[in-house]
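J.: Here you go, sequence then predicted model.
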Amino acid sequence: RKGGVTPCCTGPGSANVLGGTFVAIKTYGKRVDDMIVKDPIAMKCAFGENPKRFYGQQGKKAPKTRMGTAALLRETLFKAKQYMAEKDAGKEPKFDMKLEALVPVLRGEIPLKAHAHRSDDIFTAIRIAKEFGVKLTLDHCTDGAVIAEELAGEGYPAFVGPSLGSKTKIEVCTKGFHTPGILHKAGVKVSIITDAPVIPQQYLSMCAGQAVQAGLPMEEGWKAITINPAESIGIADRVGSLEVGKDGDVVIWTADPLVNVGARAVCTVIEGRVVYQED
């Protein structure tokens, strides 16, 4: 709240090919049950180094390769599709919590939230989404600038980040603040993320400012941390812009934080209530 963040999108990490559901919550409250904006908003799936490193290199079991990750995801979606078909046909399949959680994905109610850095992983995610006819969002999208035109043609929203800090894995060798601007110019709807705690949430506006410095238009920099993510995760009916009927989350700054590194949030309002005020 001190950094001017009112709602956020949160969920499990990337060790598993399928990690579980994401939820949108407000950053103010005593218990998460009362902070929820929308639940669920997406089903997390992960590509690249994390699942194969966790299982293949450390656990000595599948997935050991990128092909293994894709195969496991396909197999689970196929089983979930059969499970859903049996339910729709009036049969009583043995209850399976994991397959049950994928039914909203297959019905198009929530997207697969694909965390992928490399261009080949991004294309694999798109290919699988098309195979099963499911919605998709692209998180990290580190190689996005390399394949911007292709991504624009596909029409999936991109959540770019974390872009601040060192390049900790070989798959993030193209990481940089130039990516949002190139994707926007190509026609991709761009959101900027911190992937907290990789970058603490309070530095979200600074990341947007860095993207503006690297070529993203100023207005698009603000959209990338307000209305664009709200629309892409399905909560724009409540947040992302100031309109009649919405929650009215407001932040008052000492200066434009996308331009001034030292800008501070002096007052943060969530649903009409002051939840932070500078002394």
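T.: All right, it came through fine.
J.: from memory Thr21 sits against Ala42, does it?
T.: Yes - applying Cβ atoms under 8 Å as the test, Thr21 and Ala42 come out as touching, 6.9 Å apart. Just so you know, the C-beta spots here come from the backbone N, C-alpha and C atoms, and that holds for glycine as well.
J.: Which residues are in contact with each of the two?
T.: 11, 110 (Cβ atoms under 8 Å, 6 or more residues apart in numbering).
J.: When the two are compared, which one has more neighbours?
T.: A count of neighbours by other Cβ atoms under 10 Å puts Ala42 above the other of Thr21 and Ala42, at 27 against 19.
J.: For that one, which non-adjacent residue is closest in space?
T.: In space, and not counting its chain neighbours, Ala42 is closest to Lys113: 3.7 Å by Cβ to Cβ, 6 or more residues apart in numbering.
J.: State the helix or strand in which that neighbour lies.
T.: strand 112-116 (DSSP states H and E).
J.: which residues sit in contact with Pro257?
T.: Each residue near Pro257 by Cβ under 8 Å, 6+ apart is listed here: 4, 205-206, 208-209, 263, 265.
J.: how far away is Ile193 from Ser205?
T.: According to Cβ to Cβ, to the nearest Å, Ile193 stands 12 Å off from Ser205.
J.: so after the helix or strand of the chain with the lowest mean pLDDT, what's the next helix or strand?
T.: Least confident helix or strand of the chain, by mean pLDDT, DSSP states H and E, is helix 49-52 with a mean of 93. Going down the chain from helix 49-52, the next helix or strand is helix 66-88, by DSSP H and E.
J.: Which parts of the helix or strand following that next one count as buried, going by neighbours?
T.: Using DSSP H and E, the next helix or strand after helix 66-88 towards the C-terminus is helix 97-106. For helix 97-106, a neighbour-count test (16 or more other Cβ atoms under 10 Å) marks 99, 101-106 as buried.
J.: what's the lengthiest strand in the chain packed up against?
T.: Determined from DSSP state E, the single longest strand within the chain is strand 36-46. If you count contacts as 3 or more Cβ pairs under 8 Å, 6 or more residues apart in numbering; DSSP states H and E, strand 36-46 packs onto strand 18-26, helix 97-106, strand 112-116.
J.: Can you give the strand pairings for it, parallel or anti for each?
T.: strand 18-26 (antiparallel), strand 112-116 (parallel) (DSSP bridges).
J.: Tyr156 is nearest to which of those strands?
T.: Tyr156 lies closest, by Cβ to Cβ, to one member of those: strand 112-116, at 8.7 Å.
J.: got the contact list for the closest one?
T.: With Cβ under 8 Å, 6+ apart as the test, strand 112-116 has contacts from 11, 14, 22, 42-48, 50, 105, 122, 124-125, 128-129, 134-141.
J.: just so I have it, where are all the strands in the stretch 151-279 of the chain?
T.: 158-160, 190-192, 250-253, 265-270, 273-277 (DSSP state E, counting those that start in this stretch).
J.: Adding mean pLDDT and distance to Gly29, write those strands out as TSV.
T.: Output for those, formatted as TSV (pLDDT from 0 to 100; distance: least, Cβ to Cβ, whole Å):
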stretch	mean pLDDT	distance to Gly29
strand 158-160	98	24
strand 190-192	98	23
strand 250-253	97	17
strand 265-270	97	9
strand 273-277	96	9
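J.: how near is the residue nearest to Ala42 to Met43?
T.: Lys113 sits 6 Å away from Met43, going by Cβ to Cβ.
J.: With Val190 instead?
T.: Distance, Val190 to Met43, using Cβ to Cβ: 22 Å.
J.: Give me the more crowded residue out of these two.
T.: A side-by-side neighbour count of Val190 and Met43, using other Cβ under 10 Å, places Val190 first with 28 against 23.
J.: Mind listing the residues bridging to the more buried one?
T.: Note on Val190: beta-bridge partners by DSSP bridges are Ala158.
J.: I'd like to know how far Glu75 sits from Pro63.
T.: Taking Cβ to Cβ, one finds Glu75 at 11 Å from Pro63.
J.: Looking at those two, which one has more neighbours?
T.: Pro63 (22 against 11).
J.: Could I get the full set of helices for the stretch 151-279 of the chain?
T.: Ranges of helices in the stretch 151-279 of the chain, per DSSP state H, counting those that start in this stretch, are 179-186, 204-213, 218-223, 227-232.
J.: what angle do the first one and helix 204-213 make?
T.: It refers to helix 179-186. Inter-element angle recorded for helix 179-186 and helix 204-213: 60 degrees (by axes from the mean of the first three to the mean of the last three Cα atoms, to 10 degrees).
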